[in-house]
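>>> Below are the sequence and a predicted model for it; my questions follow.
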Amino acid sequence: MEVTHAGIPSRQEFWRGVRDEAPILLGVAPFGLIFGALAINAGLTSAAAQAMSAIVFAGSSQFIAAQMIGSGASGLIILMMIFVVNLRHALYSASVAPHLRHLGLGWKLLLGYLLTDEAYALAITRLNQPDDSPRKHWYFFGAGITLWTTWQISTAIGIFVGAQLPADWPLGFILPLTFIALVVPALKDRAAVAAAVVAGLVGLATTGLPLKTGLLAAALAGILTGMLLEGRRK
Amino acid sequence: MNIWLVMLLGGLLTVATRLSFILLIDKMKVPDWFRRGLRFVPVAVLSAIILPGLATRNDVLEISWHNPQLYAGLIAILVAWRTKNVLLTILTGMGALLLLQLLLIAH
């Protein structure tokens, strides 16, 4: 398809991003709901739970941070976990960076804040398309802000629902169940299985350590195991 | 550390990670070992939470045949493996736990 250098108008790019993000929201909204309910269950106030969705704005690390706050982990360990869990975003950053070079600092900060897994998946597809439209960042913004809005609203609903549920319901059990649902399908080869088993066992063995330091050690042990096994195979 | 401070720093850390290459383009390249290691981050971190989460009841480690969470977790793992369905895994695991708790109380 031949596209003129003028490219597609900003508004059209923006709404395309919004529309393409819509089906993904079906998968994201339930997690926002679960996060809201869980954060309340872990002892966070409604304000803190909602603020975490706005300030941290990163699904899996929010779950982990809420659980760690609830179990009295030290702030430093929580920060280290957030950092490790979100390290993959540096890869996304490297991959979108060449396409955003022409933008001002404001745009870069805004799109960086919105660079989640689900926004990245769509944005990079659009950015890599061969037409040289200079306004593809509007598509990125449309997809990202749609996801952001959904995440905030579903968190709010989760907070509300979580506060209504009886206190003796084993809601905390939803967290390991959610993680099981995410991990098991990802165990596609021996290296991944070994990483999971080692991390789980080290985590179990170090449960008694103060301030949840064991969690970080277990995660690192699992990552190293996976890397070692994968390296040996090649 | 105050919970609000943790959240603020956690947010800054996350944005900094996401901005890293966008702001430092041409100055850095992603090393290969880093890329390989990242694949194992979610699996390792989540597993490190799952197993202690299943084995801990009321903040006490309980690895025994009497802990219903271990059975419910095992059922959830099977469901996740066969269906790859997040919602179904959570519902089955939760249902199994509630049922097992009822049975244990009844006996």
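Nice, I can see it.
>>> Surely B:Gly10 is within a helix?
Yes. Under DSSP: H, G, I helix; E, B strand; the rest coil, B:Gly10 falls within a helix.
>>> Now it: closest residue in space, sequence neighbours ignored.
A:Ile82 (4.4 Å; C-beta to C-beta, 6 or more residues apart in numbering or on different chains). C-betas here are computed from N, CA, C, even on glycine.
>>> which ones are touching the one you found?
A:Val56, A:Ala58, A:Ser61, A:Ile64, A:Ala65, B:Gly10, B:Leu13, B:Thr14 (C-beta atoms under 8 Å, 6 or more residues apart in numbering or on different chains).
>>> list the buried ones in the helix or strand harbouring it?
Using DSSP states H and E, A:Ile82 maps to helix A:75-85. Across helix A:75-85, burial judged by 16 or more other C-beta atoms under 10 Å in any protein chain shown covers A:Gly75, A:Ile77, A:Ile78, A:Leu79, A:Met80, A:Met81, A:Ile82, A:Phe83, A:Val84, A:Val85.
>>> where does the residue nearest the centre of chain B land on pLDDT?
Closest to where the C-alpha atoms of chain B average out (C-alpha atoms, centre = their mean) is B:Leu46, at 3.4 Å. B:Leu46 carries a pLDDT value of 83.
>>> same question, A:Phe35
Looking at A:Phe35, its pLDDT reads 92.
>>> who does the strand or helix carrying it touch, helix- and strand-wise?
A:Phe35 belongs to helix A:10-41 when assigned by DSSP H and E. For helix A:10-41, the packing partners by 3 or more C-beta pairs under 8 Å, 6 or more residues apart in numbering or on different chains; DSSP states H and E come out as helix A:46-55, helix A:59-70, helix A:117-127, helix A:136-164, helix A:174-183, helix B:86-106.
>>> Okay, angle between that helix and helix A:136-164 too, please.
When axes from the mean of the first three to the mean of the last three C-alpha atoms, to 10 degrees is applied, the directions of helix A:10-41 and helix A:136-164 differ by 20 degrees.
>>> Which residues does stretch A:147-167 contact?
A:21, A:24-25, A:28-41, A:46, A:49-50, A:53-54, A:57, A:59, A:114, A:116, A:118-119, A:171.
>>> about what we covered before: save the contacts of A:Ile82 as TSV, and put in neighbour count and pLDDT too.
Below are the contacts of A:Ile82 laid out as TSV (neighbours: other C-beta atoms under 10 Å in any protein chain shown; pLDDT from 0 to 100):
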residue	neighbour count	pLDDT
A:Val56	24	94
A:Ala58	27	92
A:Ser61	23	90
A:Ile64	26	88
A:Ala65	26	92
B:Gly10	24	96
B:Leu13	18	96
B:Thr14	25	96
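>>> of all these, which comes closest to B:Val86?
Nearest to B:Val86, judged by C-beta to C-beta, of the contacts of A:Ile82 is A:Ile64 at 16.9 Å.
>>> Any idea which helix or strand in chain A has the lowest mean pLDDT?
Lowest on mean pLDDT, DSSP states H and E among the helices and strands of chain A sits helix A:174-183, with a mean of 84.
>>> Which secondary structure elements does that helix sit against?
With contacts taken as 3+ C-beta pairs under 8 Å, 6+ apart, helix A:174-183 sits against helix A:10-41, helix A:59-70, helix B:41-55, helix B:68-83, helix B:86-106.
>>> for those, which one sits closest to A:Gly106?
Across the helices and strands packed on helix A:174-183, closest to A:Gly106 is helix A:10-41 (C-beta to C-beta), at 14.9 Å.
>>> Pull out the buried positions in that closest one.
Buried residues in helix A:10-41 (16+ other C-beta under 10 Å): A:10, A:13-14, A:16-18, A:20-21, A:24-25, A:28-41.
>>> So A:Leu115 lies in a strand, does it not?
No. According to three-state DSSP, A:Leu115 belongs to no strand; its state is coil.
>>> Would you confirm that it contacts A:His89?
Yes. A:Leu115 is within contact range of A:His89, at 6.1 Å (criterion: C-beta atoms under 8 Å).
>>> which residues are common contacts for these two?
B:Arg18.
>>> Okay, now the unreliable bits of chain B?
Flagging of chain B using pLDDT under 70 yields the residue ranges B:26-28, B:105-107.
>>> one more time with 80
Counting by pLDDT under 80, the ranges of chain B that qualify are B:1, B:25-31, B:34-35, B:38, B:42, B:58-60, B:86, B:104-107.
>>> and if you look at chain A?
In the predicted model, chain A carries pLDDT under 80 at residues A:1-7, A:26-27, A:165-172, A:175, A:208-213, A:231-234.
>>> repeat that for 70
Within chain A, the stretches with pLDDT under 70 are A:1-6, A:167, A:210-212, A:232-234.
>>> still on that earlier bit, of the helices and strands packed on helix A:10-41, which is nearest B:Phe21?
B:Phe21 lies closest to helix A:117-127 among the helices and strands packed on helix A:10-41, at 12.3 Å (C-beta to C-beta).
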